[in-house]
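K.L.:
only geometry, no sequence info:
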Ligand code: SAH
Ligand code: SF4
């Protein structure tokens, strides 16, 4: 049974005080400058940033009053000048397989989705980078929604904080350190094209990886891109997470139809960028995502072409059975076809796991995310639901 739309009581989070900047999402340097501007002596500023940083990102506190090692005066200044604000949970749905989908409200009344996928001894949070998407991949639900806006760094990192709140996963002072994390991995596979929100994404991920804060290793974060070629190399240099490429096709005519950005940067250009990337990143494996669409891209010939395309790239192929959504113009490939495809890729020496669809009953699976407001607007029957 699916449990639907629980409104959690943890929502008693501080509401934004008019116009004050959010302290979440500032880079370390940005916070340091903001502190100096507000009267903290330059010599102290770095140390104060370290303290506040740990309270916000390591301990997960939501009230400046709880920053007990920070002097009273500075706490008062912080409370006067800043807010600690996370996105607000509008609904939380829990799938029969334990997957949790959050609908979050962000500034301006916009809504965005985040999905938590529990696995044995770990858990992955799938976060969004934009409300909607400028791209129009024909098999993707988000792609039917236009771009509303980019998320800020605070909203990107805020999704992780909200999930930690909901999972009750903040350390308890004095308790022994628990090494197993419920939220151990992050994938940028929610709504939006992460590389089209480059600066905010970089700042958000820097915070997620900072050892004195959320402290996720860079190898536990995967950025998925539809193939914004000019920004792939820059992502390697400035962000440094693992990379996944939404390939989905092995010929340009088919990819043009599935992932229209291919008309700008075609398969050859994309694969060249991947070769350069893997040279620069010490041959770290790139994940190639491949959605299995019945009769479109799932033949054995396609699998063989894929193997050829991967030549010279340290790669892994993630086969994603298509996740249907209402009105989608495709069907999921038959299981036997998916396995045959995986077999060809595996025999060529590449790992080719088939991604188990998770949270389908709550429309939380890959490519099914779309903001609720948009859905309701387009479907008047749901307008008052
Ligand atoms: N915008 C980024 C992140 C997207 S979501 C990108 O395109 O890479 C993560 C993966 O899910 C992408 O590979 C995307 O192409 C895929 N996807 C989108 N819609 C899907 C669907 N309906 N079924 C299965 N996978 C889908
Ligand atoms: Fe945007 Fe990615 Fe969906 Fe394409 S697959 S429309 S890039 S979110």
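P.N.:
Perfect, thanks for sending it. Just so it is clear, the structure is predicted and the values come from calculations on it, not from any experiment. Ligands and ions are numbered 1, 2, ... in the order given.
K.L.:
now do residue 27 against ligand 2, distance only.
P.N.:
Separation of residue 27 from ligand 2 (C-beta to the nearest ligand atom, to the nearest Å) stands at 26 Å. Quick note: C-beta positions are derived from backbone N, CA and C, even for glycine.
K.L.:
wait, that residue sits on residue 203?
P.N.:
Yes - between residue 27 and residue 203 there is a contact at 5.4 Å, judged by C-beta atoms under 8 Å.
K.L.:
of these two, give the one with the bigger neighbour count.
P.N.:
residue 203 (20 against 16; other C-beta atoms under 10 Å).
K.L.:
hmm, the helix or strand containing the more buried one touching ligand 2?
P.N.:
Element membership of residue 203 [criterion: DSSP states H and E] is helix 198-209. No - taking C-beta under 6 Å from any ligand atom as the criterion, helix 198-209 and ligand 2 are apart, separated by no less than 13.5 Å.
K.L.:
any idea of the mean pLDDT in whichever helix or strand comes after that helix?
P.N.:
Using DSSP H and E, the helix or strand that follows helix 198-209 in sequence is strand 221-225. Taken as a whole, strand 221-225 has a mean pLDDT of 97.
K.L.:
hmm, who's touching strand 221-225?
P.N.:
Contacts of strand 221-225 with the rest of the structure, by C-beta atoms under 8 Å, 6 or more residues apart in numbering, involve 185-189, 193-195, 201, 205, 208-209, 231-232, 235, 239, 241-246, 287, 289.
K.L.:
quick revisit: what's the overlap in contacts for residue 27 and residue 203?
P.N.:
Joint contacts of residue 27 and residue 203 (C-beta under 8 Å, 6+ apart) are residue 153.
K.L.:
mind listing the helices for the protein?
P.N.:
Secondary structure of the chain by DSSP state H: the helices cover 28-37, 42-53, 72-81, 153-167, 198-209, 229-238, 252-258, 267-280, 300-310, 335-347, 372-378.
K.L.:
that older thread, could you list the buried residues of the helix holding residue 203?
P.N.:
198, 200-209 (16 or more other C-beta atoms under 10 Å).
K.L.:
any idea which of those residues is closest to residue 163?
P.N.:
In terms of C-beta to C-beta, no member of these lies closer to residue 163 than residue 208, at 11.7 Å.
K.L.:
how about the nearest residue to the residue in the stretch 151-300 of the chain that ligand 2 sits nearest to, chain neighbours excluded?
P.N.:
Ranked by C-beta to the nearest ligand atom, the top residue of the stretch 151-300 of the chain for proximity to ligand 2 is residue 226, at 3.7 Å. Setting aside the residues directly before and after it, residue 226 is nearest to residue 246 in space (C-beta to C-beta, 6 or more residues apart in numbering), at 4.8 Å.
K.L.:
now do residue 136
P.N.:
residue 143 (4.8 Å).
K.L.:
number of residues surrounding residue 76?
P.N.:
Neighbour count for residue 76, taken as other C-beta under 10 Å: 12.
K.L.:
no further queries at this time; thank you.
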